[in-house]
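> I need the structure of the sequence given here:
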Amino acid sequence: MKRPLLPPQEPPDDAALFRAAVGEVKPLPDQNRVKPQRPPRNPLPRSLAPPLGQVHAIPDTLSDFAAENAPDEFLRNGLSRMTLRKLRRGHWPVQDSLDLHGNNSDTARKLLQEFLHEAVQRGLRCVLVIHGKGTNSRDGEAILRKLARHWLAQYPQVLAYCDATPENGGSGAVLLLLKVLL
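Coordinates of the predicted model:
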């Protein structure tokens, strides 16, 4: 006995089957929620003068040689790449900042060394250095950006650095993770 041939049927559309199974849908009402935000940071007090009897010069150990090859990100040898990822994502709150805008390279280098020395002495973990994007410099070249990153890679207490978050200056600033001395 031969079976009669049926015309070929198209496979059912998955989206149509889903809509038929689910039925009519109403969107959920808007939630009256506030997105969580970080509390504003209280700046740590900076001492304007060193304690009596402790006046000492900070040695200038940072070199300007080969600053063109300064990397955009830096991670000290022996540290996990996860450390740099956490720094990029803002795992550590920024505890202090330094703005180098408008300084020449010698002044910027001295200010950066003093700032880093003081930050390490105060036990700060994460700091921000604003160097600018170089839009107002001659030829539009970001000289302080290259130099600052080159100097930071030379400073032994700098464990890692990367571009700051957009709200902290983006590529015109750098976030640093410092070694905490005990």
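> how about the nearest residue to the residue nearest in space to the middle of the chain, chain neighbours excluded?
Geometric centre of the chain, nearest residue: Ala164, 3.4 Å, by C-alpha atoms, centre = their mean. The shortest distance from Ala164 to any non-neighbouring residue, by C-beta to C-beta, 6 or more residues apart in numbering, is to Ala173 (3.8 Å). C-beta here means a position set from N, CA and C on the backbone, and glycine is covered the same way.
> and what of Pro156?
Nearest residue to Pro156, sequence neighbours excluded (C-beta to C-beta, 6+ apart): Lys179, at 7.7 Å.
> how about the helices in the chain?
Ranges of helices in the chain, per DSSP state H, are 14-22, 81-88, 105-121, 143-154.
> who does the longest one touch, helix- and strand-wise?
Read it as helix 105-121. Helices and strands touching helix 105-121, by 3 or more C-beta pairs under 8 Å, 6 or more residues apart in numbering; DSSP states H and E, are strand 96-99, strand 126-130, helix 143-154, strand 173-178.
> list the buried ones in it?
Of the residues in helix 105-121, 105, 108-109, 112-113, 115-116, 118-120 count as buried by neighbour count, 16 or more other C-beta atoms under 10 Å.
> What of the last one?
By neighbour count with 16+ other C-beta under 10 Å, helix 143-154 contains the buried residues 143-153.
> and Ser171, how many neighbours does it have?
15 (other C-beta atoms under 10 Å).
> give the contact list for it.
For Ser171, the contacting residues are 72, 133, 145, 163-164, by C-beta atoms under 8 Å, 6 or more residues apart in numbering.
> ok so, going back, what pLDDT is listed against the residue nearest to Pro156?
For Lys179, the pLDDT comes out at 91.
> likewise Glu141?
73.
> Could you check how far it is from Pro71?
17 Å (C-beta to C-beta, to the nearest Å).
> Then Leu181?
25 Å.
> More neighbours: those two, which one.
Remark: of Leu181 and Pro71, Pro71 carries more neighbours, 12 against 8, as counted by other C-beta under 10 Å.
> returning to what we had before: pipe the contacts of Ser171 into JSON lines and attach pLDDT and distance to Gln95 per row.
Converted to JSON lines, the contacts of Ser171 look like this (pLDDT from 0 to 100; distance: C-beta to C-beta, whole Å):
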{"residue": "Asp72", "pLDDT": "83", "distance to Gln95": "23"}
{"residue": "Lys133", "pLDDT": "82", "distance to Gln95": "24"}
{"residue": "Arg145", "pLDDT": "87", "distance to Gln95": "22"}
{"residue": "Asp163", "pLDDT": "91", "distance to Gln95": "18"}
{"residue": "Ala164", "pLDDT": "90", "distance to Gln95": "14"}
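> which pair in the residues you listed spans the largest distance?
Within the contacts of Ser171, Asp72 and Lys133 form the most distant pair, 12.9 Å apart (C-beta to C-beta).
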